[in-house]
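Structure for the following, please:
(one chain, ligands or ions: 1)
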Amino acid sequence: MTELPPRRLLLVHAHPDDESINNGATMARYAAEGAHVTLVTCTLGERGEVIPPGLAHLSGPALGQHRAGELRDAMRALGVEDVRLLGGAGRYGDSGMMGLPDNDDPACFWQADVDEAAALLVEVIREVRPQVLVTYDDNGGYGHPDHVQAHRVAMRAVELAEEAGCPVAKVYWNRVPRSVAEESFARLRDDLPGLPFTGAATVDDVPGVVPDERITTEIDGTAHAAAKAAAMRAHATQITVAEPYFVLSNDLAQPLFTTEYYELVRGERGSGVRETDLFAGLGLGIGDAS
Ligand SMILES: [Zn+2]
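You can find the predicted model right below:
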């Protein structure tokens, strides 16, 4: 096996597109800096709603296959080469929105045995040995069953990996500080008349918004804003981008954040009011210079 770079980052996400929306700038930055970036996506999102009328015929496995292609294109835009589907393509199905009968499908990720799915993730952790893992909070950011389950599986995998002698030094949850969300939506309301979208979402539509004091880490991805926007555009069935805004299938505009925020929930926090590097304090070089 070829030797991996000294800094290794693992992101665990529910569907293709979540990684680009939440962490696109972070992923592009670390890939550009030569860190090893691994994305594990748990489902192919085959119950997602399709935006472009020309692709509206896609559903189920055909949509999953199409979204796998979108994910590949998005990762090319971010410069990320190590992309995996948990347990292989099609192992876990999209569970649909919370409360729908889709949630009861025995093949869906919501119905997965957490320990079994976590064991699959532990295999990746043992292979890649990431120092940093990024996932959602315990509500999955906004309550989607696949996001909640991705959180449970990722956190369980961290425990199991530690028991197996392969600890992950730092675990982060995706966050947006409330002040940043509110300022961005205020700007959005001013800009809305000039945008090609029907309306504006609200702060409550943004996953992971918390009081500012819970933010431990801020990754300035301004230099990688174009890569993030390109990655989001690659998910054309799910996202329409008009920088610095985007919409999902509801056509309600949201800010496209190029500084991405995190809450450290496991491991030692680096120095400073807020960390500016996910690897801060780990003694791996670049992260300790600041
Ligand atoms: Zn999702």
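
And the residue of the chain positioned farthest from its centre, how far from Gly199?
Ranked by distance from the centre of the chain (C-alpha atoms, centre = their mean), the top residue is Pro193, with 29.6 Å. Pro193 is 11 Å from Gly199, where distance means C-beta to C-beta, to the nearest Å. All C-beta atoms are positioned from the backbone trio N, CA, C, and that covers glycine.

Wasn't the residue farthest from the centre of the chain part of a helix?
Yes. Membership of Pro193 in a helix is supported by DSSP: H, G, I helix; E, B strand; the rest coil.

Got the confidence number for it?
According to the prediction, Pro193 has pLDDT 96.

Around the ion, which positions in the stretch 1-150 of the chain sit nearby?
Contact residues, the stretch 1-150 of the chain versus the ion (C-beta under 5 Å from the ion): Ala14, His15, Asp18.

and the second one, how many neighbours?
In terms of burial, His15 registers 27 neighbours under the definition other C-beta atoms under 10 Å.

Also the last one?
Applying other C-beta under 10 Å, we find 27 residues neighbouring Asp18.

list the contacts for it?
Asp18 makes contact with Thr41, His147, according to C-beta atoms under 8 Å, 6 or more residues apart in numbering.

Show the model's pLDDT score for it.
On pLDDT, Asp18 comes in at 98.

Likewise for the second one?
What the model reports as pLDDT for His15 is 98.

How about the secondary structure of it?
His15 - assigned by three-state DSSP - is coil.

How much space separates it from Val148?
Between His15 and Val148 the computed distance is 13 Å (C-beta to C-beta).

Please apply the same query to the first one.
With the distance defined as C-beta to C-beta, Ala14 ends up 9 Å from Val148.

do the last one as well
Summarising the geometry, the distance separating Asp18 from Val148, computed by C-beta to C-beta, is 13 Å.

how near is the residue farthest from the centre of the chain to the ion?
30 Å (C-beta to the ion, to the nearest Å).

Over to Gly165?
Gly165 sits 32 Å away from the ion when distances are taken as C-beta to the ion.

And that residue, which helix or strand is it part of?
Using DSSP states H and E, Gly165 sits in no helix or strand.

can you check Ala225 too?
Counting by DSSP H and E, Ala225 is part of helix 225-234.

and that helix, which residues are buried?
For helix 225-234, a neighbour-count test (16 or more other C-beta atoms under 10 Å) marks Ala225, Ala227, Lys228, Ala229, Ala230, Ala231, Met232, Arg233, Ala234 as buried.

quick check, nearest of these to the ion?
Comparing those against the ion with C-beta to the ion places Met232 closest, at 13.0 Å.

dump the residue contacts of the closest one.
By C-beta under 8 Å, 6+ apart, the neighbours of Met232 are Asp17, Ser20, Ile21, Gly24, Ala74, Ile239, Val241, Phe246, Leu256.

correct me, but Arg67 touches Ala236?
No. Contact status for Arg67 versus Ala236: not in contact, 9.9 Å apart, counting by C-beta atoms under 8 Å.

So if I had to pick from the two, which one is more boxed in?
Arg67 (27 against 19).

Which pLDDT does the model give the more buried one?
pLDDT recorded at Arg67 is 98.

host element of it?
Assigning secondary structure by DSSP H and E places Arg67 in helix 60-78.

Remind me what that helix packs against, helices and strands.
helix 18-32, strand 36-41, strand 82-85, helix 225-234 (3 or more C-beta pairs under 8 Å, 6 or more residues apart in numbering; DSSP states H and E).

quick one: contacts of it?
Contacts of helix 60-78 (C-beta under 8 Å, 6+ apart): 15-17, 19-20, 24, 27-28, 31, 37, 39, 41, 43-48, 50, 55, 58, 81, 83, 85, 89-90, 94, 224, 227-228, 230-238.
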